[in-house]
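Colleague: just to be clear, the model below is a prediction. Sequence and coordinates:
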Amino acid sequence: MGLHLIIAANSTNFLTNTWNVFTRYHVMFLNAIKSTLLVAFVGTIVGLLIGLIIGGVRAVTSNQEHNQKTSAKIINKIIYAITSIYVEVFRGTPMMVQAMFLYYTFFAPVFKWSPLASAMVIISINTGAYMAEIMRSGIQSVDKGQVEGARSIGMNNFQTMRYIVLPQAIKNSFPSIGNEFVVNIKDSCVLNCITFSELFFAAKSVQGSIFSYAEPFLIVGILYLILTFITSRILGLIEKRMNHRKSSYPSSVTTPNSSVMKG
């Protein structure tokens, strides 16, 4: 009975101490949340744009090698090789290693960039490699009959990609795109290695002030959980809304020719 009372008392004291730490350093934690969300959002959007370009190039070059001249095939292979190197390097190495190398080799000494600007670029480049594969698979999942239908009414490759392929590829890939945003919220913690002040960096700063690991990292863990939970639910609602709109379209709108005319 006494042991239970001791454990309960210690637990109460620990929770009280944790709350006191949060109230004392809440401004630092709130600023860290803003920095974390900013970098995750910018990294996801810019990474998506990079992924659209790289994924589109990889999808097109891999599907156009037949019926081409030798010189065009060589150019396509070179482009595909360059984009493949980019994807493999940034997907195959940890973002912390990328951040340390790029920041201390180029961004800080050469470009004189701040940790915030460097963090945005690093997470964008890293995300772009993952988005490239997501968009490549999304583009290749679009029915080829729709592409042929678009070209049969006179649309060029750019128009076909813009009005027919990409809108459907983004819709098909939206769950993976949303997941990348959630991952970026959590993975932004590795950017503390370049002194970027996000949640993990804030926890380390508080820990250094109070000489205790448990309370600040419990607070940060709860904050990460809240951020990812809310983000996942919002993305789920957006996805459900997109699917509802897609299913509510008249059947005549979903045909290739009518889709082209609406575009």
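Modeller: Structure received.

Colleague: CA atoms for contacts and neighbours, from now on please.
Modeller: Will do.

Colleague: retrieve the pLDDT associated with residue 175.
Modeller: On pLDDT, residue 175 comes in at 94.

Colleague: go on, residue 246?
Modeller: 62.

Colleague: please tell me how far residue 188 sits from residue 32.
Modeller: Separation of residue 188 from residue 32 (CA to CA, to the nearest Å): 11 Å.

Colleague: those two: which is more packed in?
Modeller: Higher neighbour count among residue 188 and residue 32: residue 188, with 24 against 21, using other CA atoms under 10 Å.

Colleague: how near is that one to residue 92?
Modeller: To residue 92, residue 188 is 17 Å away according to CA to CA.

Colleague: also residue 203?
Modeller: In terms of CA to CA, residue 203 sits 28 Å off from residue 92.

Colleague: next secondary structure after the helix or strand containing residue 19?
Modeller: Using DSSP states H and E, residue 19 falls within helix 2-24. Following helix 2-24 in sequence order, the next helix or strand is helix 26-63 (DSSP H and E).

Colleague: sort out which residues of that following helix are buried, please.
Modeller: Using 16 or more other CA atoms under 10 Å as the test for burial, helix 26-63 gives 28-29, 32-33, 35-61.

Colleague: on that earlier part again, which residues are in contact with each of residue 188 and residue 32?
Modeller: residue 198 (CA atoms under 8 Å, 6 or more residues apart in numbering).

Colleague: next SSE after the host helix or strand of residue 202?
Modeller: Assigned by DSSP H and E, residue 202 belongs to helix 199-210. The helix or strand immediately downstream of helix 199-210 is helix 214-248, counting by DSSP H and E.

Colleague: by how many degrees do that following helix and helix 199-210 diverge?
Modeller: Taking axes from the mean of the first three to the mean of the last three CA atoms, to 10 degrees, one finds that helix 214-248 is oriented at 160 degrees with respect to helix 199-210.

Colleague: now for helix 214-248, which elements pack on it?
Modeller: helix 2-24, helix 166-187, helix 199-210 (3 or more CA pairs under 8 Å, 6 or more residues apart in numbering; DSSP states H and E).

Colleague: ranking the ones you listed by mean pLDDT, which is last?
Modeller: helix 2-24 (a mean of 79).

Colleague: more neighbours: which of residue 203 and residue 92?
Modeller: residue 203 (25 against 10).

Colleague: surely that one touches residue 216?
Modeller: Yes - the criterion here is CA atoms under 8 Å, and residue 203 meets it with residue 216 at 5.1 Å.

Colleague: once you drop chain neighbours, what's closest to residue 33?
Modeller: The shortest distance from residue 33 to any residue other than its chain neighbours is 6.2 Å, reached at residue 199 (CA to CA, 6 or more residues apart in numbering).

Colleague: what's around that neighbour, how many residues?
Modeller: Using other CA under 10 Å, residue 199 has 31 neighbouring residues.
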